[in-house]
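Asker: Need a 3D model of the following:
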Amino acid sequence: MTRGFAALAGALAVLTLAAALVFAGGDAVPGEPVAAPRAPASSPSSSVSAPPSTTRPWHVVTVREVWNGRDVTFEVPPDWEVHGGEPVYRPGYCPGQSDSFLGLVSLSDARADDPSTAVEQRLEELLRGPFAGRGASVDLGEVSGDRTSRLIREARITTARTGPCDAEVTAFHLLAVLHKDGKGCLLFEVRADQDVPDAAPESDLRRIVSSVRFT
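Answerer: Next up is the predicted model:
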């Protein structure tokens, strides 16, 4: 997977988040506030202290959700790198393609009335956008949550390979949470290529999603 591919996928969602980063295993170290992917930045968020890590020595990442004025905190494995508030797994893994990666975490604002619809719309966007024309198919996996306020959906998209950095299977773990005002949803997305050397195990993807908390 390449960043150009991810940018195309992400361009289908609107995002208004600013990021601040802290890492497990020591005192909080605020990162430089930056605009989160896929949207212009709002005013930079101040650094915040993250809740104690429950999965040390994973990295703790805190993102300011501007729409609701709350912090979204989650954890990623130590072999994931945090670039501009966007955790990435194995950046530059493909020879000659510095923008390639095997895994990515992103957050976006979904214009949907409930989490179930938000997840369905996101999967449809992926099929119409970056996976279009590649014979893509979706296999839906486990789903948990109440579908009205918070929902987790697992899915796999299978496509034909069109280049040396492409994977036939990409796993998606999606968490949709209804905004406090009931208008739209926060969409937390973890994606990772599968069935390739050094692929991120899906157990890690599940753990990332399950670590999401709000403060």
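Asker: What are the boundaries of the helices in this structure?
Answerer: Using DSSP state H, the helices of the chain run over residues 3-10, 115-128, 202-210.
Asker: could you redo these as TSV and give each row distance to residue 104?
Answerer: Using the backbone N, CA and C atoms, a C-beta is placed for each residue, glycine as well. Shown next, in TSV, are these (distance: least, CB to CB, whole Å):
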stretch	distance to residue 104
helix 3-10	6
helix 115-128	13
helix 202-210	11
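Asker: Out of those, which gets the lowest mean score?
Answerer: When the helices of the chain are ranked by mean pLDDT, helix 3-10 comes last with a mean of 47.
Asker: from memory residue 78 sits against residue 57, does it?
Answerer: Yes - between residue 78 and residue 57 a contact is recorded at 5.6 Å, counting by CB atoms under 8 Å.
Asker: now the helices of the chain as CSV including mean neighbour count and distance to residue 99?
Answerer: Output for these, formatted as CSV (neighbours: other CB atoms under 10 Å; distance: least, CB to CB, whole Å):
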stretch, mean neighbour count, distance to residue 99
helix 3-10, 18, 4
helix 115-128, 19, 19
helix 202-210, 18, 21
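Asker: So which of those is nearest residue 98?
Answerer: Closest approach to residue 98 among those is made by helix 3-10 (8.7 Å; CB to CB).
Asker: backbone phi and psi for residue 134, please?
Answerer: Residue 134 adopts backbone torsions of phi -120, psi 20, taken as degrees, to the nearest 10.
Asker: Please name the residues that touch the nearest residue to it once chain neighbours are set aside.
Answerer: Closest residue to residue 134 apart from its sequence neighbours, by CB to CB, 6 or more residues apart in numbering: residue 159 at 4.0 Å. Contacts for residue 159 (CB atoms under 8 Å, 6 or more residues apart in numbering) come out as 131, 134-137, 166, 168, 170.
Asker: got a winner among those for most neighbours?
Answerer: Tallying neighbours with other CB atoms under 10 Å puts residue 170 at the head of these, with 26 neighbours.
Asker: Who does that one form a beta bridge with?
Answerer: Beta-bridge partners for residue 170, by DSSP bridges, are residue 157, residue 193.
Asker: just checking, it touches residue 157?
Answerer: Yes - counting by CB under 8 Å, residue 157 is a contact partner of residue 170 at 5.1 Å.
Asker: can you map out the strands along the chain?
Answerer: With strands called from DSSP state E, the chain shows them at 17-21, 34-35, 59-65, 70-76, 80-83, 86-89, 103-110, 137-145, 150-158, 169-178, 185-194, 213-214.
Asker: Averaged pLDDT, stretch 175-183. What do you get?
Answerer: Mean predicted confidence for stretch 175-183 is 92.
Asker: 49 is where my numbering starts, stick with that
Answerer: Okay, using 49 as the starting number, the last item reads as stretch 223-231.
Asker: Enumerate the beta-bridge partners assigned to residue 156.
Answerer: Under the criterion used (DSSP bridges), residue 156 bridges to residue 235.
Asker: pLDDT on stretch 144-153, on average?
Answerer: Computed over stretch 144-153, the average pLDDT equals 92.
Asker: tell me which residues of that stretch are tucked away?
Answerer: Buried residues in stretch 144-153, counted by 16 or more other CB atoms under 10 Å: 145, 148-153.
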